[in-house]
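Student: Sequence plus the predicted model coming up.
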Amino acid sequence: MESILRHHDNATRLGTKPLTDFVDLSLYCESTMSEAEYADLVAFLENSGVALTAEHPLRHHLGIRITAEAVTTILGVTLVEFIDDELGHFFAPDQEPTMPPEFSKVVAILGLDSAPQAQPRFRPATQPSVSYLPIQVAKAYRFPAASAVGRSVALIELGGGFRQADVTTYFQSQGLPVPTVTAVSVDGGVNAPTTASSADAEVMLDIEVLGSVAPGAGIDVYFAPNTDRGFIDALSEASAPTGPMPDAISISWGGPESTWAPNSMLLMQSVIAEATTRGITVTVAAGDNGSSDGLNDGLSHVDFPASAPNALACGGTHLELTPQGTIAAQRVWNDTAIGDGATGGGVSTFFPLPSYQAHADVPPSVNPGGTVGRGVPDVAGNADPQTGYQILVDGSSIVVGGTSAVAPLMAGLIVQLAMATTTRPGFVQPTWYPLEQATRGSAAPAFFNIIEGNNGAYQAHVGWNACTGLGSPYGDRLDTNPS
């Protein structure tokens, strides 16, 4: 099993977690695990005094409640309590676990580290020069606008909440269908709205953008704790083979690859890959802090899970429209000069170059060593707070940007493509990359290449680039055969 340890170099150690304290863990097992092997693992846990809280044999996943003392006995680690200025109070293991023979098919143990894992990727506008309704942006990108009744999308949220009154008011004021929004609790996460300055803005941005682009689609909001366990469990629940099978899953949360445990990244990618094989497209915000992804170590970083090879990574642009609502100009979103962020993007130092990017001319990383890995993002859309989205949250009308707006925007496009083609798009990159190359420079390109601007270390140019990917898609041209 890959390392489960995260780096907490700046945290202060407080002491060990009391042995009688309970912790909730999620165990993920190999897909080849037999029913007998699964039963043996369950029997071992029960005989060790561990309580099972959830069993999902079809997903090779089970939840357990275990004392800190039993964690030490079974896994050989001590849970240590820490305090950190940014992460707050949390616990984490003091070393890698020693796996007992009964854990031979376990590929990941989540919940041993309770530190917050991700940040929402939205940016409130300071002084926007112009703002748009989501439906205006979708129209500019030539997205189909059919009724999406009968379709559904899942949103992953690691905090915040929504108020039904806001949902109703927002859509009724535009003459759009009020979507059915359902809160789903994962690992104790709940719909808990507070104020417009909280993660509520993320939740409402996701709901209002998605509901505008895919009118009438059902929206299931999976609320989970902001840990690697909560994040991955929510995605697993949303994409479960026995679940509702949405057309898309939209994720607007993430963090630099270096802040994730390798084991968690591999598991998250595996869950995303399984989702795409079932026809579910997973759209993920690429980050709002430029090529550094908010770290001050002098290196470039890409955001995860956007860098997962099977995720559709969504970067950000500055979009200007004509009076007729068509694209007048579009460039890379980069407002770092005024403190309003910039699109994430770059080259992964963890995931290798995927086959669909073999001919995309992904450059070596600008970091020492110049590795060539998975390029981020894949596509882009309006994300600049200065040309942001008009939303309603906790009774307040505000303008918000960030790549977290692009993830639900693209999820809405996926729903529209499913409606238009009667086929769930699923894993779109193997089709979209050659389509961009085949139509580039033609009278009807499938993507609007963004060639102006940078996100810090990377410059935009014709074709795929590490700021805006293939560019912004023209939604009515994506069913073209690239061959």
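Tutor: Thanks, I have the structure now. Given the structure is predicted, the values throughout are model-derived calculations rather than measurements.

Student: My read is that residue 312 contacts residue 280, right?
Tutor: No - applying Cβ atoms under 8 Å, one finds residue 312 not in contact with residue 280, separated by 10.8 Å. Placement of C-beta: from N, CA and C, glycine included.

Student: in this protein, which strand has the most residues?
Tutor: The longest strand of the chain (DSSP state E) is strand 312-321.

Student: Of residue 312 and residue 280, which one has the most company?
Tutor: residue 312 (31 against 24; other Cβ atoms under 10 Å).

Student: Now for the more buried one: which residues touch it?
Tutor: 281, 282, 283, 284, 378, 379, 410, 428, 429 (Cβ atoms under 8 Å, 6 or more residues apart in numbering).

Student: let's see 6 Å
Tutor: Neighbouring residues of residue 312 by Cβ atoms under 6 Å, 6 or more residues apart in numbering: 281, 283, 378.

Student: again, but for residue 114
Tutor: Per Cβ under 6 Å, 6+ apart, neighbours of residue 114: 90, 91, 227.

Student: Identify the bridge partners of the first one.
Tutor: I take that to be residue 90. Residue 90 has these beta-bridge partners by DSSP bridges: residue 82.

Student: in this protein, what spans have low per-residue confidence?
Tutor: 57-59, 480-483 (pLDDT under 70).

Student: if we can go back for a sec, just the ones of the contacts of residue 312 in strands?
Tutor: 281, 283.

Student: After the helix or strand residue 184 falls within, heading C-terminal, what element do we hit next?
Tutor: In the assignment (DSSP states H and E), residue 184 maps to strand 181-185. Using DSSP H and E, the helix or strand that follows strand 181-185 in sequence is helix 200-213.

Student: Name every strand pairing with the next helix or strand after that next one and say which way it goes.
Tutor: Once the chain leaves helix 200-213, the next helix or strand it forms, by DSSP H and E, is strand 218-223. Strand 218-223 has the following sheet partners, assigned by DSSP bridges: strand 152-157 (parallel), strand 181-185 (parallel).

Student: okay, the angle between strand 218-223 and helix 200-213?
Tutor: 160 degrees (axes from the mean of the first three to the mean of the last three Cα atoms, to 10 degrees).

Student: neighbouring contacts of strand 218-223?
Tutor: Contacts for strand 218-223 (Cβ under 6 Å, 6+ apart): 152-157, 179-186, 189-191, 207, 234, 238.

Student: Need the CA coordinates for the helix or strand just after that strand. CSV is fine.
Tutor: Counting by DSSP H and E, the next helix or strand C-terminal to strand 218-223 is helix 228-238. This file holds the C-alpha atoms of helix 228-238, laid out as CSV (Å, rounded to 0.1, in the frame of the first residue of the first chain):
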residue,chain,number,x,y,z
ASP,A,228,-9.7,12.7,2.8
ARG,A,229,-12.1,10.1,4.2
GLY,A,230,-15.1,12.3,3.8
PHE,A,231,-14.1,13.5,0.4
ILE,A,232,-13.5,10.0,-1.1
ASP,A,233,-16.5,8.4,0.7
ALA,A,234,-18.8,11.1,-0.7
LEU,A,235,-17.5,10.5,-4.2
SER,A,236,-17.8,6.7,-3.7
GLU,A,237,-21.4,7.1,-2.6
ALA,A,238,-22.3,9.5,-5.4
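
Student: Just list what helix 228-238 packs against, helices and strands only.
Tutor: Using 3 or more Cβ pairs under 6 Å, 6 or more residues apart in numbering; DSSP states H and E as the contact test, the elements touching helix 228-238 are helix 262-277.

Student: And the helix it packs on, how far out from the chain middle?
Tutor: Put simply, helix 262-277 sits 12 Å off its chain's centre (Cα atoms, centre = their mean, to the nearest Å).

Student: Can you give me the buried ones in the helix or strand following the longest strand of the chain?
Tutor: Using DSSP H and E, the helix or strand that follows strand 312-321 towards the C-terminus is strand 327-332. In terms of neighbour count (16 or more other Cβ atoms under 10 Å), strand 327-332 has its buried residues at 327, 330, 331, 332.

Student: follow-up on the earlier one: may I see the strands paired with strand 218-223 organised as JSON lines, with distance to residue 63 added?
Tutor: Formatted as JSON lines, the strands paired with strand 218-223 follow (distance: least, Cβ to Cβ, whole Å):
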{"stretch": "strand 152-157", "distance to residue 63": "18"}
{"stretch": "strand 181-185", "distance to residue 63": "13"}
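
Student: among the ones you listed, which is the most enclosed?
Tutor: Stretch with highest mean neighbour count among the strands paired with strand 218-223: strand 152-157 (a mean of 27; mean count of other Cβ atoms under 10 Å).
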